[in-house]
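Novice: Generate coordinates for the sequence data below:
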Amino acid sequence: MLFPIFIEDLKNVKVEEVSLGSNHTLCVLRNGKVLCWGSSKDGKMGLETANDRNFLTPKDLITLDKEKIFQICAGPFHSMTLTENGQIYTFGHPKDGKLGYEEAKIVSIPRVISESPCF
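Specialist: Just a heads-up that it's a prediction; the model follows:
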């Protein structure tokens with residue numbers, strides 16, 4: 001049986017939203033920054049040089065440090081973020097066009113969808 005555990009690293013942090021993928025988690029903080037943990041396989045955590053690793057504690061999504069993130073979504077093999085300015089960034093496995101742009105290789109650095117609708 002699995003039981004929830006308290007994540008000590010989030011003790012003094014204001015979390016606005018959490019999204020769960022198959023084996024990774026993203027959370028958006030009140031200040032618009034994103035934390036991620038779990039499996040970074042296929043670039044789905046956007047950590048650039050940390051693919052195929054498991055993180056048991058939250059890591060800053062530093063590849064989006066210049067953006068204020070408003071909303072997040074974690075899929076099984078990819079992730080998406082929506083910025084305060086309405087831009088959508090996607091990263092992870094590109095299978096079936098789920099990243100919103102033509103790409104054949106894994107995207108481990110979040111990339112903006114240039115043809116995205118304005119929110």
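Novice: from what I can see residue 24 touches residue 45, true?
Specialist: Yes: taking contacts as CB atoms under 8 Å, residue 24 lies within contact range of residue 45: 5.6 Å. In this view, the C-beta of every residue, glycine as well, is placed from N, C-alpha and C.
Novice: More neighbours: these two, which one.
Specialist: With other CB atoms under 10 Å as the criterion, residue 24 and residue 45 differ in neighbour count, and residue 45 comes out ahead with 31 against 24.
Novice: what sits against residue 42?
Specialist: Contact partners of residue 42, counting by CB atoms under 8 Å, 6 or more residues apart in numbering, are 51, 77, 78, 92, 93, 106.
Novice: Which residue is the nearest non-sequential neighbour of the last one?
Specialist: In space, not counting the residues next to it along the chain, residue 106 is nearest to residue 43; the distance is 4.5 Å by CB to CB, 6 or more residues apart in numbering.
Novice: Quick one: residues contacting the one you found.
Specialist: When contacts are counted by CB under 8 Å, 6+ apart, residue 43 touches 51, 91, 92, 93, 106, 107, 108, 109.
Novice: And it, how far from residue 14?
Specialist: When CB to CB, to the nearest Å is the yardstick, residue 43 and residue 14 sit 27 Å from each other.
Novice: Quick check: neighbours shared by residue 24 and residue 45?
Specialist: Contact with both residue 24 and residue 45 is made by residues 36, 37, 38, 39, 79, according to CB under 8 Å, 6+ apart.
Novice: With residue 80 as the reference, measure out to residue 13.
Specialist: As for residue 13, its distance to residue 80 is 22 Å (criterion: CB to CB).
Novice: more neighbours, these two?
Specialist: When neighbours are counted by other CB under 10 Å, residue 13 and residue 80 differ, and residue 80 comes out ahead with 21 against 14.
Novice: got the contact list for the helix or strand containing that one?
Specialist: Counting by DSSP states H and E, the element that carries residue 80 is strand 78-83. Outside strand 78-83, the residues that touch it by CB under 8 Å, 6+ apart are 19, 21, 24, 26, 28, 34, 36, 42, 44-46, 64, 67-73, 88-94, 98-99, 110, 119.
Novice: Nice, that's everything, thank you.
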